[in-house]
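1. Return a 3D structure for these sequence lines:
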Amino acid sequence: MQRFLGGRLLGAVASLLVVAGIVLVYRHVLRVNQTTVALSFLLAILAVSAVWGMLVSAFMSVVAMLAFNYYFLPPVGTLTIADPQNWVALLAFLVTSITGSRLSSRIRKEADEAHQRRREVERLYGFSRQLLGEGNVIQLMNAIPDYIVESFEAGAAELFLPQKDKFYRSGFGASHLDEQKMKIAFLNDELTLDAEHAQYFIPVRMGVRPIASLGISGALLSRQTVDAISTMVAIAIERARAVETLGQTEAERQGERLKSALLDSITHDFRTPLTSMKAAVTGLLTSKDSNSPQSCELLTIIN
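-> Model prediction:
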């Protein structure tokens, strides 16, 4: 607030100096007609409007109108006007200057908003690249608050996972984020803004189902950016979980394959002696003389 008032005060002083400069030049240096003076005032008002906004330019319009009346419209040196046509000219000047100031201020505001949106898109793009670089769920949970602080120049960020009832923090003011408000944001599935402390408490949704919540402080973010952050975090969490599940499935499949190969190897190692034992037992069963040398050989094989 103090910065805002200071900027407006500086703009008012600058507008007074500009008006005084124009009056000084056209009264004592250059002799020009009233139209040139009015156009000069108008150009100066538009320039001031582009820098300091509508309030300062409106103030300058009134000051310029009074200066124009006092120094350049007859009778010069008074605030009265002799010719009724000059009233029309003075009113037209005032309306034109205020209208032009308003248009200039609107264009400046729209340009600032476009620049802000472009900056937010760039930050969201960088944030998404960082999220996609993590494949491990645990590492991702710890990295998300760091990425938010880094990408959006936030003072602190915090992630709450209700499945584990755990908080992941980053930033100098992370300890000051209200954990209860983060839990409420998850349970109520709605965004909570603490304007006094510049804090956001955001539910993280996958589809229509909340899966976590975020807390961000110390950053000025639009509602669209906040929603985009929530969506990106939800997608990153689900992606990391899917990658981890896929890795576990692949590990189990490889384990089954290894187990089958091991069993095949063991079966092959057992098959040869078992075949010999089977043949020896069959030979003994069909032999009439169990004390023959052949029977002794077969028993040795089985042993």
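2. on contacts alone, who are the packing partners of the helix or strand of the chain with the lowest mean pLDDT?
-> For the chain, using mean pLDDT, DSSP states H and E, the weakest element among its helices and strands is helix 293-302, scoring a mean of 71. When contacts are defined as 3 or more Cβ pairs under 8 Å, 6 or more residues apart in numbering; DSSP states H and E, helix 293-302 sits against helix 223-286. For the C-beta atoms, the positions are set from N, CA and C on the backbone; glycine is no exception.
3. Point to the residue nearest the middle of the chain.
-> Geometric centre of the chain, nearest residue: residue 124, 4.5 Å, by Cα atoms, centre = their mean.
4. Output the least confident helix or strand of the chain in CSV with nothing but the alpha carbons.
-> Extracted C-alpha coordinates of helix 293-302, given in CSV (Å, rounded to 0.1, in the frame of the first residue of the first chain):
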residue,chain,number,x,y,z
PRO,A,293,26.4,-110.0,-10.9
GLN,A,294,24.0,-108.0,-13.0
SER,A,295,21.7,-107.5,-10.0
CYS,A,296,24.7,-106.3,-7.9
GLU,A,297,25.6,-103.8,-10.6
LEU,A,298,22.1,-102.5,-10.8
LEU,A,299,22.0,-102.1,-7.0
THR,A,300,25.3,-100.2,-7.2
ILE,A,301,23.8,-97.8,-9.7
ILE,A,302,20.8,-97.2,-7.6
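5. Which residue ranges of this structure form helices?
-> With DSSP state H as the criterion, the chain has helices at 2-28, 34-52, 54-72, 84-132, 137-152, 179-188, 223-286, 293-302.
6. pLDDT of the fourth one, averaged?
-> Just to be clear, that refers to helix 84-132. Averaged across helix 84-132, the pLDDT comes to 80.
7. got the domain boundaries for this protein?
-> The chain breaks down into these domains under the TED database: 1-118, 135-245.
8. Comparing the ones you listed, which comes out most buried?
-> With neighbours taken as mean count of other Cβ atoms under 10 Å, those reach their highest mean count in domain 135-245, at a mean of 18.
9. among the domains of the chain, which is nearest residue 302?
-> domain 135-245 (51.3 Å; Cβ to Cβ).
10. so residue 298 touches residue 280, yeah?
-> Yes: counting by Cβ atoms under 8 Å, residue 298 touches residue 280, with 4.0 Å between them.
11. ok so, going back, can I get the domains of the chain in a markdown table with distance to residue 265?
-> Shown next, in a markdown table, are the domains of the chain (distance: least, Cβ to Cβ, whole Å):
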| stretch | distance to residue 265 |
| --- | --- |
| domain 1-118 | 63 |
| domain 135-245 | 30 |
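12. Show me the shaky parts of the stretch 201-303 of the chain.
-> The stretch 201-303 of the chain contains residues with pLDDT under 70 at 247, 268-269, 271, 283-292, 295, 303.
13. related to what we said a few turns ago, with residue 251 as the reference, measure out to the residue nearest to the centre of the chain.
-> 34 Å (Cβ to Cβ, to the nearest Å).
14. again, but for residue 121
-> Taken as Cβ to Cβ, the span from residue 121 to residue 251 is 39 Å.
15. How about residue 274?
-> From residue 274 over to residue 251 (counting by Cβ to Cβ), the distance is 33 Å.
16. Pull stretch 89-100 out as PDB, backbone CA atoms only.
-> The C-alpha trace of stretch 89-100 is given here as PDB (Å, rounded to 0.1, in the frame of the first residue of the first chain):
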ATOM      1  CA  ALA A  89     -12.600  24.000 -26.700                       C
ATOM      2  CA  LEU A  90     -11.700  23.700 -23.000                       C
ATOM      3  CA  LEU A  91     -14.400  21.100 -22.400                       C
ATOM      4  CA  ALA A  92     -13.300  19.100 -25.500                       C
ATOM      5  CA  PHE A  93      -9.700  19.200 -24.300                       C
ATOM      6  CA  LEU A  94     -10.700  17.900 -20.800                       C
ATOM      7  CA  VAL A  95     -12.900  15.100 -22.200                       C
ATOM      8  CA  THR A  96     -10.300  14.100 -24.800                       C
ATOM      9  CA  SER A  97      -7.400  14.000 -22.300                       C
ATOM     10  CA  ILE A  98      -9.400  12.000 -19.800                       C
ATOM     11  CA  THR A  99     -10.700   9.600 -22.400                       C
ATOM     12  CA  GLY A 100      -7.200   9.200 -23.900                       C
END
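17. Residues contacting it, please?
-> Stretch 89-100 has contacts (Cβ atoms under 8 Å, 6 or more residues apart in numbering) with 34, 38, 41-42, 45-46, 49, 57-58, 60-62, 64-65, 68-69, 73, 81.
18. if you set the cut-off to 6 Å instead, what comes out?
-> Contact partners of stretch 89-100, identified using Cβ atoms under 6 Å, 6 or more residues apart in numbering, comprise 38, 42, 45, 46, 58, 61, 65, 69.
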